[in-house]
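Novice: need a 3D model of the following:
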Amino acid sequence: MAHDATQLSPLSATMSHGLTGRLRVPGDKSISHRALIFGALARGKTRISGLLESEDVLNTAKAMAAFGAHIVKDDDGVWYVDGVGTGSLVEPSNVLDFGNSGTGVRLVMGLAGAHAFSTTFMGDESLSSRPMARVLDPLREMGVEVLGRSGDRLPLTIRGAEPAAPITYRVPMASAQVKSCVLLAGLNMAGTTTVIEPIKTRDHTERMLRGFGATLGESVNEAGETILTIEGLQALKAQDVTVPGDPSSAAFPIVAALITPDSNLVIDDILLNESRTGLITTLLEMGADITIENERESGGERIGNIRVRSSSLKGVTVPADRAPSMIDEYPVLSVAASFAEGETRMEGLEELRVKESDRLSAVAAGLKANGVPHEEGGDYLVVSGGANEIGGGMVTTHLDHRIAMSFLVLGLAVHKPVTVDDAAIINTSFPGFADLLGTLGASFSRG
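Specialist: Prediction:
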């Protein structure tokens with residue numbers, strides 16, 4: 001994807017030693033989006049503490065306000081959402097701009113499709129190149145009309161049917177966003193909607209539905225598929241929601257500490273939902289010194305503190321069936337693999353082709369720019385660790401925050417600085433990333 005060089009904000013990472021201390025990473029993005037959405041659908045005032053105040057999440061907040069919810073933030077950083085009730089959203093008066101947020105736009109399309117009015121969606125250059133057919137296809141089965149560019153890409157307008165028809169839908173790929181879109185549509189229309197999930201994905205939507213008082217049926221059929229059923233127009237009750245730390249954001253300081261000598265970090269209050277801990281499982285298999293401290297439950301989710309120390313890593317094979325639990329973490333895992341002894345093979349990565357960038361190609365290009373031996377396949381990546389004199393490259397981020405952070409982490413553990421062409425995009429998920437790691441001993445320079 002082309003960049004306008006006059007608007008880029010380059011950042012370089014240089015060799016660092018001894019990342020030490022305690023830190024909190026931003027609140028979990030998946031839970032932040034959903035807390036705003038369910039707060040808007042509930043009756044009463046939902047209180048949200050620890051909300052991730054990234055561009056992605058703030059765009060979801062603006063969208064829910066456009067649908068009629070009253071959303072404010074107090075002086076202590078706590079957010080309050082006065083909801084309108086299920087099936088009771090109002091037609092937005094303006095276009096909904098989701099910036100870079102695939103999660104926000106795909107979930108909110110489910111809400112809009114269940115209401116008999118028109119909603120227009122747009123996004124930035126990156127989001128406008130990403131496929132939306134995966135959520136629009138089931139919405140069309142419900143009777144939703146879609147008007148937009150060929151290929152079902154933003155900008156586009158959807159108009160909900162009256163009445164919308166509940167469906168039974170088998171999700172054709174491992175995607176929590178598609179599952180959630182269909183469930184949210186079903187929640188806002190009369191009748192029973194069923195979702196069949198051949199491969200189990202992260203379950204934040206199901207947990208939060210139940211947390212807000214909805215009844216959600218869940219079973220497993222003889223083929224091992226998860227069957228979810230929801231009755232529409234259930235009343236949701238406002239809740240107090242505490243957003244735990246985002247494990248996808250925690251991945252960057254975790255890997256930084258593993259590969260940077262003499263490091264000992266504690267990352268507090270991280271979400272440990274088993275559908276999100278594939279990276280931790282993989283790093284432990286690679287020999288990482290990672291321990292979980294003060295493990296506990298909060299709001300139906302498991303959380304804990306993660307202690308990580310510098311480690312000697314070894315290459316492993318990461319099975320394809322682990323991909324749904326760590327799909328966002330493969331770029332930074334590839335950085336960890338660059339320092340591991342032997343080969344690390346990552347399989348089942350086709351979903352990386354349709355993220356904020358073609359992440360698989362973007363990672364491979366970043367590795368190449370920094371002299372890391374690797375092999376890129378259609379749905380796999382093999383990284384050979386232990387090469388001498390890696391680093392020193394300029395990495396094209398393709399407007400992808402995770403590419404930017406991953407290769408900045410690489411630069412902290414090599415002798416030649418690593419530069420990313422644009423660090424501003426990091427604000428979509430991890431505001432203050434460089435400043436926070438800088439307080440722990442990481443070295444960055446701008447320009």
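Novice: drop to CA atoms for contacts and neighbour counts, all remaining ones
Specialist: Will do.
Novice: the helices in the stretch 251-400 of the chain, which residues?
Specialist: Using DSSP state H, counting those that start in this stretch, the helices found in the stretch 251-400 of the chain span residues 278-285, 330-337, 359-369.
Novice: in a markdown table: those, plus mean pLDDT.
Specialist: Converted to a markdown table, these look like this (pLDDT from 0 to 100):
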| stretch | mean pLDDT |
| --- | --- |
| helix 278-285 | 98 |
| helix 330-337 | 98 |
| helix 359-369 | 97 |
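Novice: which intervals of the stretch 51-200 of the chain have sub-threshold pLDDT?
Specialist: Within the stretch 51-200 of the chain, not a single segment meets pLDDT under 70.
Novice: helices of that one, residue ranges please.
Specialist: Using DSSP H, counting those that start in this stretch, helices in the stretch 51-200 of the chain cover 55-66, 102-113, 133-141, 176-187.
Novice: for Ser361, find the nearest of the ones you listed.
Specialist: Smallest distance to Ser361 across those (CA to CA): 18.9 Å, for helix 102-113.
Novice: what angle do that closest one and helix 55-66 make?
Specialist: Following axes from the mean of the first three to the mean of the last three CA atoms, to 10 degrees, one obtains 20 degrees for the angle between helix 102-113 and helix 55-66.
Novice: touching helix 102-113 from outside, list them.
Specialist: Residues from elsewhere that reach helix 102-113 (CA atoms under 8 Å, 6 or more residues apart in numbering): 30, 33, 37, 56-57, 59-60, 98, 118-119, 121, 127, 132, 135, 139, 144, 158-161, 177-178, 180-185, 188, 356.
Novice: now swap in stretch 307-321 and tell me
Specialist: Applying CA under 8 Å, 6+ apart, the set of residues contacting stretch 307-321 is 254, 257-267, 282, 285-293, 336-337, 339-349, 384-385.
Novice: would you put the C-alpha positions of that stretch in CSV?
Specialist: Only the C-alpha atoms of stretch 307-321 are listed here, as CSV (Å, rounded to 0.1, in the frame of the first residue of the first chain):
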residue,chain,number,x,y,z
ARG,A,307,6.4,-12.0,35.0
VAL,A,308,8.9,-12.4,32.1
ARG,A,309,12.7,-12.7,32.2
SER,A,310,15.3,-12.8,29.5
SER,A,311,15.5,-16.3,28.0
SER,A,312,17.2,-18.6,25.6
LEU,A,313,14.6,-19.7,23.1
LYS,A,314,14.4,-22.7,20.8
GLY,A,315,12.5,-23.1,17.6
VAL,A,316,9.1,-25.0,17.6
THR,A,317,6.3,-25.8,15.2
VAL,A,318,3.1,-23.8,16.0
PRO,A,319,0.1,-25.9,14.9
ALA,A,320,-2.6,-24.4,12.7
ASP,A,321,-5.3,-25.1,15.3
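Novice: give me the mean pLDDT for it.
Specialist: The average of the pLDDT scores along stretch 307-321 is 97.
Novice: can you point out the buried residues in it?
Specialist: Buried residues in stretch 307-321, counted by 16 or more other CA atoms under 10 Å: Arg307, Val308, Arg309, Ser310, Ser311, Leu313, Lys314, Gly315, Val316, Val318.
Novice: chain neighbours aside, what residue packs nearest to Ser129?
Specialist: Among residues not flanking Ser129 along the chain, Arg153 sits closest, at 6.4 Å (CA to CA, 6 or more residues apart in numbering).
Novice: residues touching that neighbour, list them.
Specialist: Ser128, Ser129, Arg130, Pro131, Met132, Ala133.
Novice: gap between the closest residue to the fourth one other than its chain neighbours and Ala442?
Specialist: Okay, so that is Pro131. Closest residue to Pro131 apart from its sequence neighbours, by CA to CA, 6+ apart: Arg153 at 5.7 Å. For Arg153, the distance to Ala442 equals 39 Å [CA to CA, to the nearest Å].
Novice: do Val363 as well
Specialist: In terms of CA to CA, Val363 sits 22 Å off from Ala442.
Novice: need the winner for burial among the helices of the stretch 251-400 of the chain.
Specialist: Burial of these is given as mean neighbour count (mean count of other CA atoms under 10 Å); helix 330-337 ranks first at a mean of 26.
Novice: what does that one contact?
Specialist: 251-252, 255, 258-259, 279, 313-315, 343-344, 359-360, 363, 383-385, 402-403, 405-407, 409-410.
Novice: from those residues, which land in strands?
Specialist: The strands, defined by DSSP state E, take in Glu343, Thr344, Val383, Ser384 from the contacts of helix 330-337.
Novice: which one (most neighbours) among those?
Specialist: When neighbours are counted by other CA atoms under 10 Å, Val383 leads those with 26 neighbours.
Novice: for that one, give me the pLDDT.
Specialist: Here the pLDDT value assigned to Val383 is 98.
Novice: what about the nearest residue to it once chain neighbours are set aside, distance to Gly315?
Specialist: Closest residue to Val383 apart from its sequence neighbours, by CA to CA, 6+ apart: His374 at 4.3 Å. Counting by CA to CA, the gap from His374 to Gly315 is 13 Å.
Novice: repeat that for Ser298.
Specialist: 35 Å.
Novice: Ser12 is in contact with Ala442, correct?
Specialist: No - look at Ala442 against Ser12 with CA atoms under 8 Å: they stay out of range, at 11.1 Å.
Novice: now Met208: which helix or strand?
Specialist: Per DSSP states H and E, Met208 falls inside helix 204-211.
Novice: so how far is that helix from its chain's centroid?
Specialist: 17 Å (CA atoms, centre = their mean, to the nearest Å).
Novice: show me what that helix is packed up against.
Specialist: With contacts taken as 3 or more CA pairs under 8 Å, 6 or more residues apart in numbering; DSSP states H and E, helix 204-211 sits against helix 29-41, strand 216-220.
Novice: what's the most buried one of these?
Specialist: When the helices and strands packed on helix 204-211 are compared using mean count of other CA under 10 Å, helix 29-41 is most buried, at a mean of 27.
Novice: got the domain boundaries for this structure?
Specialist: With domains defined by automatic domain parsing, the chain comprises 5-27+244-446, 29-242.
Novice: circling back: please tell me how far the residue nearest to Ser129 sits from Ala66.
Specialist: 22 Å.
Novice: between the two ends of stretch 76-91, how far is it?
Specialist: Span of stretch 76-91 from end to end, CA to CA: 31 Å.
Novice: what residues does it touch?
Specialist: 36, 39-51, 66-74, 114-115, 117-119, 187-189, 233-236, 238.
Novice: let's see that with 6 Å instead.
Specialist: For stretch 76-91, the external contacting residues (CA atoms under 6 Å, 6 or more residues apart in numbering) are 39-49, 67-73, 188, 233.
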